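> Requesting a structural model of the entry that follows:
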Amino acid sequence: QVQLVESGGGLVQAGGSLRLSCAASSGSLFSINRMGWYRQAPGKQRELVARITSSGSTNYVDSVKGRFTISRDNAKNTVSLQMNSLKPEDTAVYYCNANARMITVGVSNDYWGQGTQVTVSS
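Predicted coordinates:
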């Protein structure tokens, strides 16, 4: 099992910035294929916000392009999401996601963090 711990959510005014961070850990050897951030607003389905592969390739949902930047530190098994020019419609619970392989078992699974609230006031 891989545990994901998120930090950095909060309340910010429109136009402001927040930075989310997520750290992956496990008691067993593992390797992470891709990491990403999803979000879920009240009454809406969870959606992919940004994702980054182990080689650094990224993709973003159209609504955040040019405002959000995802990055990762492979050595530390961390992923961050820098969110600038925040809008009220960015308000949601943000979840860290990692697709990781437990080396001794050889099986890959998706893992999720507990979620962190981001609220953008107008």
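> which SSE is residue 100 in?
Applying DSSP states H and E as the criterion places residue 100 in strand 92-102.
> Sheet partners, orientation included, of that strand?
In the sheet, strand 92-102 lines up against strand 30-40 (antiparallel), strand 107-112 (antiparallel), strand 116-121 (antiparallel) (DSSP bridges).
> now those in TSV, with mean neighbour count, mean pLDDT and distance to residue 79?
All C-beta spots, glycine's among them, are computed from the backbone N, C-alpha and C. Formatted as TSV, those follow (neighbours: other C-beta atoms under 10 Å; pLDDT from 0 to 100; distance: least, C-beta to C-beta, whole Å):
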stretch	mean neighbour count	mean pLDDT	distance to residue 79
strand 30-40	20	95	4
strand 107-112	13	93	12
strand 116-121	17	98	13
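> Which parts of the chain are strands?
3-7, 10-13, 18-25, 30-40, 47-53, 58-60, 68-73, 78-83, 92-102, 107-112, 116-121 (DSSP state E).
> Okay, buried residues for the first one please.
Spelled out, that is strand 3-7. Across strand 3-7, burial judged by 16 or more other C-beta atoms under 10 Å covers 4, 6.
> same deal with the fifth one?
Within strand 47-53, the residues that qualify as buried by neighbour count (16+ other C-beta under 10 Å) are 49-52.
> Run through the neighbouring helices and strands of that strand.
strand 30-40, strand 58-60, strand 68-73, strand 78-83 (3 or more C-beta pairs under 8 Å, 6 or more residues apart in numbering; DSSP states H and E).
> any chance of those strands in a markdown table, with distance to residue 16 too?
Compiled in a markdown table, the helices and strands packed on strand 47-53 are given as follows (distance: least, C-beta to C-beta, whole Å):
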| stretch | distance to residue 16 |
| --- | --- |
| strand 30-40 | 17 |
| strand 58-60 | 19 |
| strand 68-73 | 13 |
| strand 78-83 | 9 |
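> closest one to residue 115 among those strands?
strand 30-40 (7.9 Å; C-beta to C-beta).
> May I have the closest one as CSV, with CA atoms only?
Written as CSV, here are the backbone C-alpha positions of strand 30-40 (Å, rounded to 0.1, in the frame of the first residue of the first chain):
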residue,chain,number,x,y,z
PHE,A,30,7.5,1.0,-4.7
SER,A,31,7.8,3.0,-7.8
ILE,A,32,5.4,5.7,-9.1
ASN,A,33,4.4,5.8,-12.7
ARG,A,34,2.3,9.0,-12.8
MET,A,35,1.0,11.4,-10.2
GLY,A,36,-1.8,13.9,-10.5
TRP,A,37,-4.4,16.1,-8.9
TYR,A,38,-8.1,15.7,-9.2
ARG,A,39,-10.9,17.8,-7.8
GLN,A,40,-14.5,17.5,-6.9
